[in-house]
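[1] Would you be able to build a 3D model of this:
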Amino acid sequence: MSILEFIILLIIAGVCGSIGQAISGYSRGGCLLSIVIGFIGALIGMGLADFFNLPEIFTFRTGDVSFPVLWSIIGATLFVAVVGLLTRRRL
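    Alright, predicted model coming up:
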């Protein structure tokens with residue numbers, strides 16, 4: 001994997017993490033946190049897809065690495081929603 005392919009994957013993960021944060025309505029941090037959330041969302045989403053025997057829909061392929069965009073957004077939304085519920089401020 002070249003540096004350019006790695007940067008492209010980081011950008012795709014950041015966009016997926018940002019979309020997941022926007023859907024869940026809970027946004028903390030900036031670009032780096034969105035990238036981390038995108039990768040965590042990809043792990044959660046693909047885990048759910050494997051558990052329910054669902055296909056990989058809309059994957060982005062760069063070099064020999066494929067990134068599941070749709071499952072990353074779904075997983076990031078679920079992850080951010082759970083984190084938002086657990087860290088909600090008490091009044």
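[2] Could I get the full set of strands for this structure?
    With strands called from DSSP state E, the chain shows them at 59-62, 65-68.
[3] buried sites along the first one?
    Burial within strand 59-62, assessed by neighbour count using 16 or more other C-beta atoms under 10 Å, is assigned to Phe60, Thr62. Heads up, the C-betas are built off the backbone N, CA and C, glycines and all.
[4] Mind listing residues that contact that strand?
    The contact list for strand 59-62 (C-beta atoms under 8 Å, 6 or more residues apart in numbering) reads Glu5, Ile8, Leu9, Ile12, Ser66, Phe67, Pro68, Val69.
[5] Which of those are buried, as a ChimeraX select command?
    Command for ChimeraX that selects the buried part of the contacts of strand 59-62, burial taken from 16+ other C-beta under 10 Å:
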select :8,9,12,67,68,69
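[6] mind listing what the most centrally placed residue in the chain touches?
    Among the residues of the chain, the one closest to the centroid is Gly38, at 2.5 Å (C-alpha atoms, centre = their mean). Gly38 sits next to Ile12, Ala13, Gly14, Val15, Cys16, Gly17, Ser18, Gly20, Ser72, Ala76 when contact means C-beta under 8 Å, 6+ apart.
[7] any idea how far the first one lies from Asn53?
    Between Ile12 and Asn53 the distance, using C-beta to C-beta, to the nearest Å, works out to 25 Å.
[8] Over to the last one?
    Per C-beta to C-beta, Ala76 is found 21 Å from Asn53.
[9] Which one's more surrounded, the two?
    Ala76 (31 against 6; other C-beta atoms under 10 Å).
[10] From Gly63, how far off is the more buried one?
    Going from Ala76 to Gly63 by C-beta to C-beta gives 23 Å.
[11] ranges for the helices of the protein?
    Using DSSP state H, the helices of the chain run over 3-24, 31-51, 69-86.
[12] Dump these to JSON lines, plus mean pLDDT.
    Shown next, in JSON lines, are these (pLDDT from 0 to 100):
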{"stretch": "helix 3-24", "mean pLDDT": "91"}
{"stretch": "helix 31-51", "mean pLDDT": "92"}
{"stretch": "helix 69-86", "mean pLDDT": "92"}
